[in-house]
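S.K.: Starting from these lines, generate the structure:
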Amino acid sequence: MINTHLKKSIRSILISGLALGMASPALADGLTGANVEVRLGYERLDEIGNPDGVTYGFRAGYQAPASKDIVIGFDVGLDSSTTEYFGLSKSHDLSAMLKIGPRIGENSLIYATGGYSRMKVKNFGSLDGWRVGVGWQHAISKSFYVGFEGNYTRYNEFNIDDNMVTLLAGLRL
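M.R.: Got it, this is the predicted structure:
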């Protein structure tokens, strides 16, 4: 369970970053390179009673220019959530994703993402699935960015759909 102080800290970082993003100057390139990010959002599992809750996690990855206007990348992530259904709850979710998308102006990127996800359910086992999504990143500086992402994950073995919408804040390394 995510602690209340951590929730408030993440929320403050995300809100501050979004506010700063509205006034940021043009950057040489704050959209490419190695990165780490924190995520906080909403999750809903369909087909098993439709429980919902808070999702939170971390990602690490790399983005590079494929051309002047296109960015490609990958990331690996570890997410968890407060979602619970009849005593079953998500322990964690590991993912490996590819992404591609166009730059929007100097500082922003919209992208499509897709890849693999493995969800560990407490007291049950693991489920393998595929994930697709869309997102937006905005570089506040060369080393700090904010954004949001929406994902759909399908775990076919038990016909479970996992829908997540997250805000994110990240650092370029």
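S.K.: The closest residue to residue 70 other than its chain neighbours: how many residues sit nearby?
M.R.: Using CB to CB, 6 or more residues apart in numbering and skipping the chain neighbours, the partner closest in space to residue 70 is residue 102 (5.8 Å). C-beta here means a position set from N, CA and C on the backbone, and glycine is covered the same way. Residues near residue 102, counting by other CB atoms under 10 Å, number 13.
S.K.: cool, residue 122 as well?
M.R.: 12.
S.K.: how far away is it from residue 41?
M.R.: 20 Å (CB to CB, to the nearest Å).
S.K.: any idea how far residue 50 is from residue 118?
M.R.: Per CB to CB, residue 50 is found 22 Å from residue 118.
S.K.: Repeat that for residue 58.
M.R.: 16 Å.
S.K.: what are the pairing partners of whichever strand or helix holds residue 103, and which direction each?
M.R.: Taking DSSP states H and E as the definition, residue 103 sits inside strand 88-104. According to DSSP bridges, strand 88-104 forms sheet pairs with strand 70-81 (antiparallel), strand 84-85 (antiparallel), strand 108-121 (antiparallel).
S.K.: quick one: which of the ones you listed is nearest residue 146?
M.R.: strand 108-121 (10.3 Å; CB to CB).
S.K.: Distance from the chain centre to that closest one, please.
M.R.: 7 Å (CA atoms, centre = their mean, to the nearest Å).
S.K.: mind listing what's buried in that strand?
M.R.: By 16 or more other CB atoms under 10 Å, the buried positions in strand 108-121 come out as 108-109, 111, 113, 115, 117, 119, 121.
S.K.: same deal with stretch 139-156?
M.R.: So stretch 139-156, judged by 16+ other CB under 10 Å, has buried residues 139-140, 144-151, 153-155.
S.K.: Just the C-alpha atoms of that stretch, please, in CSV.
M.R.: Extracted in CSV, the C-alpha atoms of stretch 139-156 (Å, rounded to 0.1, in the frame of the first residue of the first chain):
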residue,chain,number,x,y,z
ALA,A,139,10.4,18.7,-21.4
ILE,A,140,10.6,21.3,-18.7
SER,A,141,14.4,21.4,-19.0
LYS,A,142,17.1,19.2,-20.6
SER,A,143,16.9,16.9,-17.5
PHE,A,144,13.2,17.1,-16.3
TYR,A,145,10.0,16.2,-18.0
VAL,A,146,6.3,15.6,-17.2
GLY,A,147,3.5,13.9,-19.0
PHE,A,148,0.7,11.4,-19.0
GLU,A,149,0.1,7.9,-20.4
GLY,A,150,-2.9,5.7,-21.0
ASN,A,151,-2.5,1.9,-21.3
TYR,A,152,-4.6,-1.1,-22.0
THR,A,153,-3.3,-4.5,-21.0
ARG,A,154,-4.8,-7.8,-22.0
TYR,A,155,-4.2,-11.0,-19.9
ASN,A,156,-5.8,-13.6,-22.2
